[in-house]
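Asks: Predicted model and sequence below, questions to follow.
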Amino acid sequence: MSEIEEDPWAAALAEQAEASEGSADEEDPWAAALNEQASAEAQSVTPAEVMSSTYLEKKDKVDLDVVMDVPVTLALEIGRASVTIRNLLSYTQGSVIELERLAGEPLDVLVNGTLIAHGEVVVVNDKFGVRLTDVVSPIERIKKLR
């Protein structure tokens, strides 16, 4: 008996070596997947980079149709107030809550909780609306995300 036949580990290693020599022309699917993942990670871009104008200038075609139909929540904030639970429980119909914002100050326009603009209330065909008076620049919005 030869030495390889006596040692099962040596036999397995020899079998593996023969198999790898025979399939040198075939590509390893795991290696290909790992290489693909590594190249995708190297090309990945942060959300802040996507919003920056330098990234958009680098890309000739940016397909924004992917995000155009994503729903977001738009909220208008007229003011805030801090109250104690005792006062909160004492409120009844007709109670007046004093807000921190002064009359005539612009509203905050928030998208998913992020300030994007300021505006004023308008009435159009018996419905409330908001006229944007100041829009926060994309660069400022990105700074607030960090």
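Replies: Okay, I see it.
Asks: Before we move on, what's the pLDDT of residue 23?
Replies: Per-residue confidence for residue 23 comes out at a pLDDT of 52.
Asks: Could you do residue 56 as well?
Replies: 56.
Asks: let's number from 16 now, not from 1
Replies: Renumbered: residue one is now 16, and that last one reads residue 71.
Asks: Need the CA coordinates for the longest strand along the chain. CSV is fine.
Replies: Secondary structure assigned by DSSP state E gives strand 129-139 as the longest strand of the chain. Taking C-alpha atoms only, strand 129-139 is exported to CSV below (Å, rounded to 0.1, in the frame of the first residue of the first chain):
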residue,chain,number,x,y,z
THR,A,129,-36.5,67.1,7.2
LEU,A,130,-36.9,70.8,6.8
ILE,A,131,-36.9,71.6,3.0
ALA,A,132,-38.6,75.0,2.9
HIS,A,133,-40.5,77.8,4.6
GLY,A,134,-43.9,79.1,3.4
GLU,A,135,-47.1,81.0,4.1
VAL,A,136,-50.7,79.8,4.3
VAL,A,137,-52.9,80.6,1.4
VAL,A,138,-56.6,79.8,0.6
VAL,A,139,-57.4,78.5,-2.9
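Asks: Pull out the buried positions in that strand.
Replies: Of the residues in strand 129-139, those buried under the neighbour-count criterion (16 or more other CB atoms under 10 Å) are 131-134. Every C-beta, even on glycine, is put in place using the N, C-alpha and C of the backbone.
Asks: how does this structure divide into domains?
Replies: 16-59, 78-160 (automatic domain parsing).
Asks: what is the rounded mean pLDDT of the last one?
Replies: If I follow you right, that is domain 78-160. Domain 78-160 comes out at a mean pLDDT of 89.
Asks: quick one: it to chain centroid distance?
Replies: Distance of domain 78-160 from the chain centroid (CA atoms, centre = their mean, to the nearest Å) equals 21 Å.
Asks: all strands in this structure, in order from the N-terminus.
Replies: Counting by DSSP E, the strands of the chain are 89-92, 122-126, 129-139, 142-150.
Asks: which residue sits closest to residue 126, ignoring its sequence neighbours?
Replies: Closest residue in space to residue 126, ignoring its immediate chain neighbours: residue 87 at 5.2 Å, by CB to CB, 6 or more residues apart in numbering.
Asks: and that neighbour, how many neighbours does it have?
Replies: For residue 87, the neighbour count with other CB atoms under 10 Å is 9.
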